[in-house]
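Student: After the sequence you'll find the predicted model.
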Amino acid sequence: MKNRSKKIKRDVIAAMRAAAMPPQLIYAYERTGFLLSQEGYKSLSPQDKAEYDAAIAEYYAKNKAK
């Protein structure tokens, strides 16, 4: 089952890249597993929202020098 979920995650990431989604959203998905719309983001718990926001901030911090 674990291998199956890894494949699904790889396939979702490939689809996100093919759809030219913003890289910070792809990164956040990789880190959190959350694939969100604006409404989905609004409905996250404060803890999940903090985790997602931290992943976005981490993306920008890592890519600031590039």
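Tutor: In hand now; what should we look at?
Student: residue boundaries of the helices in the protein?
Tutor: 2-18, 23-32, 38-42, 46-63 (DSSP state H).
Student: What residues of the second one count as buried?
Tutor: By neighbour count on 16 or more other CB atoms under 10 Å, the buried set for helix 23-32 is 25, 26, 27, 28, 29, 32. All C-beta atoms are positioned from the backbone trio N, CA, C, and that covers glycine.
Student: hmm, back to that, how about the helices of the chain in CSV, adding mean pLDDT?
Tutor: Shown next, in CSV, are those (pLDDT from 0 to 100):
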stretch, mean pLDDT
helix 2-18, 93
helix 23-32, 96
helix 38-42, 94
helix 46-63, 97
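Student: Out of the buried residues of helix 23-32, flag the one nearest to residue 56.
Tutor: residue 28 (5.3 Å; CB to CB).
Student: Let me know the pLDDT of residue 66.
Tutor: pLDDT recorded at residue 66 is 58.
Student: which residues sit in contact with the most centrally placed residue in the chain?
Tutor: By CA atoms, centre = their mean, the chain has its centre lying nearest to residue 29, at 1.7 Å. By CB atoms under 8 Å, 6 or more residues apart in numbering, the residues touching residue 29 are 12, 13, 16, 35.
Student: And those residues, which two are furthest apart?
Tutor: 13 and 35 (9.9 Å).
Student: Can you say which of the contacts of residue 29 are buried?
Tutor: By 16+ other CB under 10 Å, those give 13, 16 as buried.
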